[in-house]
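>>> Here is my input, please return the structure:
(2 chains)
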Amino acid sequence: MKQRANIRQPRREELTSVNEDGSRYAIHPADVDGRFTQARRISAILLIAIYAALPWIQINGYPAVYLDTDAMRFHFFGITFVSQDLWLAFFLISGLGFGLFYVTALFGRIWCGWACPQTVFLEHVYRRIERWIEGEAVARRRLDNADWNVSKIWKRLLKHGLFLLISISVAHLFMAYFLSLPQLWNIMRESPLENWGTFVFVSVFSGILYFNFAWFREQLCIVICPYGRLQSVLIDDHSTVIGYDEKRGEPRGKPTQDGVGDCIDCHRCVQVCPTGIDIRQGLQMECIGCAACIDACDTIMDKLDRPRGLVRYDSQEGLAGRATRLIRPRIILYSFLLVVGASVLIFSLQGLTHASLTAWRVEGSPYYLDQDHIRNQFIVRVTNKLNHSADYGIALDGLPVDAVATGVDGAFTLPENGEAVKTLVIRVPRNRFEGNFVMKANVVDSEGGLLAYRELEFIGPQPETSNQ
Amino acid sequence: MNDTTSQEDPLRPHTYDGIQEYDKSLPNWWLFTFYSTIVFSIGYWIYFHKTDTGPTQAEEYAMALAAIEEEILAKQTEEGVVIIDNAALWAMSRDPEIVEAGKAIYALNCLACHGPELQGAIGANLIDSEWVHGSTPMDARRIVIEGVLEKGMPPWLPILGEEKVNQVTAFVMSYHTEP
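This next block holds a predicted model:
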């Protein structure tokens, strides 16, 4: 293997980014251009634009995504969820889990290379700035090794200043998701002492972002990210990964040589790798699937008039020259689970109405015996989840004849996000009581449409004793 | 595949299911965090367990509660605290705003038993001159707060809170006159 001065040669047996003695080896990926790089740049710009825009877009009087943790109200694109709806988060979390399994089984680490905030911000914001100030990879490496002089101090100050500025902006934008922009703006203009907790959070978060993107970088993907590691067991030989076509490439040789493979050992794929691996040594856990090596190799192949795809998106099977199967047991299982989850979610969302109801028995005895009646007492709480006031009523279902219910007659108006706690008293004549029974308390809207219900059990003594 | 394993790559002696591992240096930043936790634990141990300087969780909880109470007290002092006694409740029962608030609470929570005209039904009559549990406003307030469980009147303080308890008491007393 040719020795290249100053550049650490990747080996599968060790982390390129960590030197023999444990110190950090700074990776400076070289510039690369090509179809995947451009597509990735567009997707990154789109993702950042979405991240930046969501708090500004108003739908139904609230930002498109607004997690109001103070009021425990969560606004998603015009739909408001309250803390009572939190059980739906099960679908969000399990859906994310299965979605991840599914995508990984099919396309490997496509999330890491294309959509993960770590990659999006690092490759398309922070490293672009670094490239702009410090120059190409060779120049950056030279600057790293250079003695401190005015030019280096100036460049580093500018770079880290910009990094800090962006980190602080990203952290503030993050807070806007929880505070909404007007509130955030108010807090920003107040003294930090007024909102000490928020101030500390934003400062620490900005600091973490800065540290991560200025220095820590690929270490997060390699050492910290659980998803990155988990993916090793989520893929199989039929999952699409980025790989080197060994059969076509080996043995490596000069472009002019005969009887050698297509790889000319130019090391472009190594130079552009943001995690510092040599893709030609096979699939490695550091690979974040960013496709930089594909573009690098394609450029060289184009120049040599050789077909593209010596390094390409393919499965391990495909790279070995065998057929890739799309449908495998795990894909069938994931699809099945995904369909089940999605169906239940759709079903649950349809049952989601703008009112919620809780009801419980009043403290004290489970039932009371009056002269002629058996009495049960409940407290019902109705919550209006709408962003405007609305009329509600409570209707009872399943009461025996002659039973009297008091406390919940008539319609009532609840203000925006307001709730009412009412006492519901049900009396059943002793001679009509035939044992415990279950009834329903329904919350209805002004037209009588059912919004939510709770089952309540009416409890009394054994019928024989109650008639005595 | 280009096998670059050199003879010098040291292997750890153990084998699990045929899997072996190299003996490589851990990243220094990782070791730094590891040693930091050790250093931190010494300070933690001395601070919390050896010198008892730091508060225990129970003490922290008590401190937080005390701070909240202090805050409430400060707020009340700022707004002009009303010491709730018979005179104050009588005064509140003549304040139309408080009575109106109390009326709304009554309609939601009390009407089911005490009737729309306070005439009583399941619960006691609240407008006649006969008092079962004491005739002063503070007696009435105590009943609202504690309830009369054997008769089915629940304690309302946990549901309504103190302010609403006072308001609803004032509403009931607005039907009566100070003797």
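>>> When you work out contacts or count neighbours from here on, use the C-alpha atoms and nothing else.
Noted.
>>> The chain - how does it break down into domains?
I went with chain A, as the question did not name one. A:1-352, A:355-466 (automatic domain parsing).
>>> Please refer instead to chain B.
Split by automatic domain parsing, chain B gives B:9-50, B:55-81, B:86-173.
>>> Show the subsequent helix or strand relative to the longest helix along chain A.
Across chain A, the longest stretch assigned as helix under DSSP state H is helix A:150-179. Later in the chain than helix A:150-179, the nearest helix or strand by DSSP states H and E is helix A:181-189.
>>> Output the contacting helices and strands for the helix or strand hosting A:G243.
Here A:G243 sits within strand A:240-244, counting by DSSP H and E. If you count contacts as 3 or more Cα pairs under 8 Å, 6 or more residues apart in numbering or on different chains; DSSP states H and E, strand A:240-244 packs onto helix A:89-107, strand A:311-315, helix A:316-319.
>>> Quick one: work out the angle between that strand and strand A:311-315.
140 degrees (axes from the mean of the first three to the mean of the last three Cα atoms, to 10 degrees).
>>> Relative to strand A:240-244, what are the paired strands and their orientations?
Next to strand A:240-244 in the sheet, as set by DSSP bridges, lie strand A:311-315 (antiparallel).
>>> sorry, back to before: other SSEs contacting the longest helix of chain A?
Where contact means 3+ Cα pairs under 8 Å, 6+ apart, helix A:150-179 is packed against strand A:65-68, helix A:127-134, helix A:181-189, helix A:196-211.
>>> Out of those, which is the most enclosed?
By mean neighbour count, with neighbours taken as mean count of other Cα atoms under 10 Å in any protein chain shown, strand A:65-68 ranks first of the helices and strands packed on helix A:150-179 at a mean of 22.
>>> Any chance you could list what contacts stretch A:192-204?
A:I168, A:A171, A:H172, A:M175, A:I187 (Cα atoms under 8 Å, 6 or more residues apart in numbering or on different chains).
>>> would you turn those into a markdown table with pLDDT?
As requested, these are arranged in a markdown table below (pLDDT from 0 to 100):
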| residue | pLDDT |
| --- | --- |
| A:I168 | 96 |
| A:A171 | 96 |
| A:H172 | 94 |
| A:M175 | 94 |
| A:I187 | 91 |
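>>> How confident is the prediction for the residue of the stretch 351-468 of chain A found nearest chain B, by pLDDT?
Taking Cα to the nearest Cα as the measure, the stretch 351-468 of chain A has A:G407 as its residue closest to chain B, at 3.9 Å. Note on A:G407: pLDDT of 81.
>>> thinking it is in contact with A:V425, fair?
Yes. Using Cα atoms under 8 Å, A:G407 makes contact with A:V425 at a distance of 6.3 Å.
>>> Those two: which has the busier surroundings?
Per other Cα atoms under 10 Å in any protein chain shown, whichever of A:G407 and A:V425 has more neighbours is A:G407, with 25 against 21.
>>> Find the nearest non-adjacent residue to that one, please.
With sequence-adjacent residues excluded and distances taken as Cα to Cα, 6 or more residues apart in numbering or on different chains, A:G407 is closest to B:A112, at 3.9 Å.
>>> which residues does the one you found contact?
A:T406, A:G407, A:V408, A:T423, A:L424, A:V425.
>>> where's it, which helix or strand?
Using DSSP H and E, B:A112 sits in helix B:111-114.
>>> Next SSE downstream of that helix?
Counting by DSSP H and E, the next helix or strand C-terminal to helix B:111-114 is helix B:137-146.
>>> Touching, A:G99 and A:L338? I think so.
Yes. Here A:G99 reaches A:L338: they are 7.5 Å apart, a contact under Cα under 8 Å.
>>> Can you give me the neighbour number for A:L173?
By other Cα under 10 Å, 21 other residues sit near A:L173.
>>> quick one: it from B:I38, how far?
To B:I38, A:L173 is 35 Å away according to Cα to Cα, to the nearest Å.
>>> So which bits of the stretch 201-350 of chain A are right by chain B?
A:E246, A:R280, A:Q281, A:G282 (Cα under 8 Å from any Cα of the partner chain).
>>> in the stretch 351-468 of chain A, which spans are helices?
A:463-466 (DSSP state H, counting those that start in this stretch).
>>> before we move on, what about chain B?
Along chain B, the stretches classed as helices by DSSP H are B:28-44, B:57-79, B:86-92, B:96-109, B:111-114, B:137-146, B:157-160, B:162-173.
>>> Which positions in the fourth one come out as buried?
It stands for helix B:96-109. Residues of helix B:96-109 classed as buried by neighbour count (16 or more other Cα atoms under 10 Å in any protein chain shown): B:I98, B:V99, B:E100, B:G102, B:K103, B:A104, B:I105, B:Y106, B:A107, B:L108, B:N109.
>>> How about the fifth one, nearest residue that isn't a chain neighbour?
Meaning B:K103. Nearest in space to B:K103, with sequence neighbours left out and distances taken as Cα to Cα, 6+ apart, is B:F171 at 5.9 Å.
>>> for A:P461, same thing?
Going by Cα to Cα, 6+ apart, A:P461 has A:G435 as its nearest residue, at 7.4 Å.
>>> what's stretch A:302-318 in contact with?
Against stretch A:302-318 from outside (Cα under 8 Å, 6+ apart): A:237-245, A:248-249, A:255, A:262-263, A:291, A:293-294, A:297-298, A:301, A:323-324.
>>> Buried only: go through those residues for me.
Buried among the contacts of stretch A:302-318 by 16+ other Cα under 10 Å: A:237-245, A:248-249, A:262-263, A:291, A:293-294, A:297-298, A:301, A:324.
>>> for chain A, what are the nearby residues on chain B?
B:1-5, B:22, B:24-29, B:107-113, B:149-155.
>>> Next one: the most centrally placed residue in chain A from A:V103, what distance?
For chain A, the residue sitting closest to the mean C-alpha position, by Cα atoms, centre = their mean, is A:L96 at 7.2 Å. To A:V103, A:L96 is 10 Å away according to Cα to Cα.
>>> A:G99 and A:L338: who's more crowded?
A:L338 (19 against 16).
>>> How about that one, nearest residue that isn't a chain neighbour?
A:F98 (6.5 Å).
>>> need the contact list for that neighbour.
Here A:F98 is in contact with A:Y334, A:L337, A:L338 (criterion: Cα under 8 Å, 6+ apart).
>>> ok, so of those residues, who is nearest A:T16?
Set against A:T16, the nearest of the contacts of A:F98 by Cα to Cα is A:Y334 (35.0 Å).
>>> What does the pLDDT read for the closest residue to the closest one other than its chain neighbours?
Once flanking residues are discounted, A:Y334 sits nearest to A:Y102: 6.0 Å by Cα to Cα, 6+ apart. With respect to pLDDT, A:Y102 has a value of 89.
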